[in-house]
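Student: When you get a sec, could you give me coordinates for this:
(one chain, ligands or ions: 1)
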Amino acid sequence: MRALVINQSGGPEQLQIREVPIPERKRGEILVRVHAAGINPVDYKIRKGITNYRLAKKLSRIWKFPLIPGSDIAGEVKQADRRSGYKPGDKVFAMLPTGKGGYCEFTTVKEHHLCLVPAVSSFTEAAATPLASLTALQAFQKGGEIKEGDKILINGASGGVGSFAVQIARAMGAHVTGVCSSDNIMFVKDLGANEVIDYKSEDFTRSNNRYRKVFDAAGKSSFDKCRRILAGDGIYVSTLPGRGMIISLILNFLRKKKASLVMVKPSGKDLLFMSGLMEAGLVRPAIMKTFLLEEGAKAHELLETGKTRGKIVLELTG
Ligand SMILES: NC(=O)c1ccc[n+]([C@@H]2O[C@H](COP(=O)([O-])OP(=O)(O)OC[C@H]3O[C@@H](n4cnc5c(N)ncnc54)[C@H](OP(=O)(O)O)[C@@H]3O)[C@@H](O)[C@H]2O)c1
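Tutor: Next comes the predicted model:
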């Protein structure tokens with residue numbers, strides 16, 4: 001089968017198309033013919049070899065090159081155990097564990113990581129969804145359920161994770177403030193945000209509003225900076241670990257206002273929840289651009305600008 005492989009640690013040129021064997025399906029796994037594969041910042045971070053943190057450095061050693069990157073896939077079931085909940089031809093999508101490999105024509109997926117593609121979605125839309133939407137959903141599971149009217153602030157509202165976070169929080173009845181650059185104000189409003197703050201002209205951490213949850217989808221702020229704008233029992237959740245975050249987590253037991261870190265995990269159950277929101281018309285993946293599999297290097301270059309709006313997807317079939 002064709003796969004887009006990271007040859008060795010380095011720039012986007014290290015992404016090369018190779019012929020590799022179709023993976024062998026183990027018991028409890030489903031073989032999926034991939035029609036579209038979503039891309040996420042973790043893919044280029046693995047390619048570059050993460051150098052920020054000691055822990056991440058250690059983790060990056062477990063990813064041996066050459067490897068097939070990609071965590072998000074949508075496609076068609078080719079083989080499944082007879083007693084599984086899936087049959088050949090079913091349209092499915094999934095988040096794969098990091099480093100498992102989605103930029104390829106076939107992959108194997110654990111049944112409990114899989115979900116049927118929402119009836120309203122194309123393969124491209126489904127492939128844009130898993131990792132980013134589950135990050136937002138799992139971040140919102142921290143610090144208690146979102147209740148109708150809760151004030152939520154989302155920093156990085158125009159990115160892959162943020163664009164889902166805005167829609168999910170609105171679907172749960174929250175009053176959402178999105179933070180993005182001036183270029184993306186209309187985009188974030190169209191996603192459903194009640195209010196939008198342009199971070200280039202206003203420091204959201206100086207706001208007079210108090211939020212029950214601050215979700216730092218971009219990972220550009222910190223608990224210490226956001227503490228002021230948290231409500232009495234509010235929580236700050238970030239997508240990025242760092243020394244400051246570790247200290248904030250350790251000091252949580254001393255405070256009512258909490259810091260938290262989301263580390264997204266594959267979950268068919270959470271995807272089913274997302275599928276429900278998509279079928280109800282409450283969430284729609286925002287796709288900025290699609291590329292062919294062989295254009296993966298260009299797709300990585302674009303994502304690495306850190307300025308993309310919504311998601312980028314690789315298409316493997318027409
Ligand atoms: N811990 C986890 O499990 C987990 C899971 C998923 C993602 N992540 C991490 O979370 C981060 C975001 O992921 P993503 O998929 O959303 O990335 P992304 O799609 O590349 O994010 C791009 C967006 O970031 C926004 N942005 C850039 N600088 C900003 C700033 N200073 N303030 C606010 N927004 C800013 C940009 O908006 P403007 O153009 O308007 O500036 C752009 O729309 C990445 O670092 C990723 O690795 C972690």
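
Student: going forward, measure contacts and count neighbours with C-alpha atoms only.
Tutor: Noted.

Student: got the buried residues for stretch 206-220?
Tutor: 210-219 (16 or more other Cα atoms under 10 Å).

Student: That stretch and the ligand, any residue contact?
Tutor: Yes. Using Cα under 6 Å from any ligand atom, we find that stretch 206-220 touches the ligand at 217-220.

Student: which one of the residues you listed sits closest to the ligand?
Tutor: Nearest to the ligand out of these is residue 218 (Cα to the nearest ligand atom; 4.3 Å).

Student: Just the pLDDT for that closest one.
Tutor: For residue 218, the pLDDT comes out at 98.

Student: Report the contact partners of the residue lying closest to it once chain neighbours are set aside.
Tutor: Distance criterion Cα to Cα, 6 or more residues apart in numbering; nearest residue to residue 218, sequence neighbours excluded, is residue 156 at 4.6 Å. The contact partners of residue 156, by Cα atoms under 8 Å, 6 or more residues apart in numbering, come to 162, 178-180, 216-219.

Student: Which of those fall within helices?
Tutor: Under the assignment DSSP state H, the contacts of residue 156 contribute residue 162 to helices.

Student: Need the max-distance pair from the contacts of residue 156.
Tutor: Pairwise distances among the contacts of residue 156 were taken by Cα to Cα; the largest, 13.9 Å, belongs to 178 and 219.

Student: Can you pull the residues that touch both of the two?
Tutor: Common contact partners of residue 178 and residue 219 (Cα under 8 Å, 6+ apart): 155-156.

Student: The ligand contacts on the chain?
Tutor: Residues of the chain lying near the ligand (Cα under 6 Å from any ligand atom): 40-42, 132, 135, 155-156, 158-162, 179-181, 184, 217-220, 239-240, 262-264, 303, 306-310.

Student: Among the residues you listed, which lie within strands?
Tutor: The members of these that map onto strands under DSSP state E are 155, 179-180.

Student: Would you format those residues as CSV with pLDDT and neighbour count included?
Tutor: Listed next are those as CSV, based on pLDDT from 0 to 100; neighbours: other Cα atoms under 10 Å:
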residue, pLDDT, neighbour count
155, 98, 27
179, 98, 29
180, 98, 22
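
Student: my read: residue 268 touches residue 115, true?
Tutor: Yes. Judged on Cα atoms under 8 Å, residue 268 makes contact with residue 115 at a distance of 5.5 Å.

Student: Of these two, which one has the most company?
Tutor: Between residue 268 and residue 115, counting by other Cα atoms under 10 Å, residue 115 is the more crowded of the two (26 against 21).

Student: From what I see, that one and residue 96 are in contact.
Tutor: No. Using Cα under 8 Å as the test, residue 115 is too far from residue 96 to be in contact (11.9 Å).

Student: and residue 225, that's in a helix?
Tutor: Yes. Counting by DSSP: H, G, I helix; E, B strand; the rest coil, residue 225 is found in a helix.

Student: Next, please give the residue ranges for the helices of the stretch 101-250 of the chain.
Tutor: Taking DSSP state H, counting those that start in this stretch, the helices of the stretch 101-250 of the chain run over residues 123-128, 130-140, 160-171, 185-191, 223-226, 243-250.

Student: ok, now how distant is residue 6 from the ligand?
Tutor: According to Cα to the nearest ligand atom, to the nearest Å, residue 6 and the ligand sit 18 Å apart.

Student: what about residue 84, distance to the ligand?
Tutor: 28 Å.

Student: burial of that residue, as a residue count?
Tutor: By other Cα under 10 Å, 11 other residues sit near residue 84.
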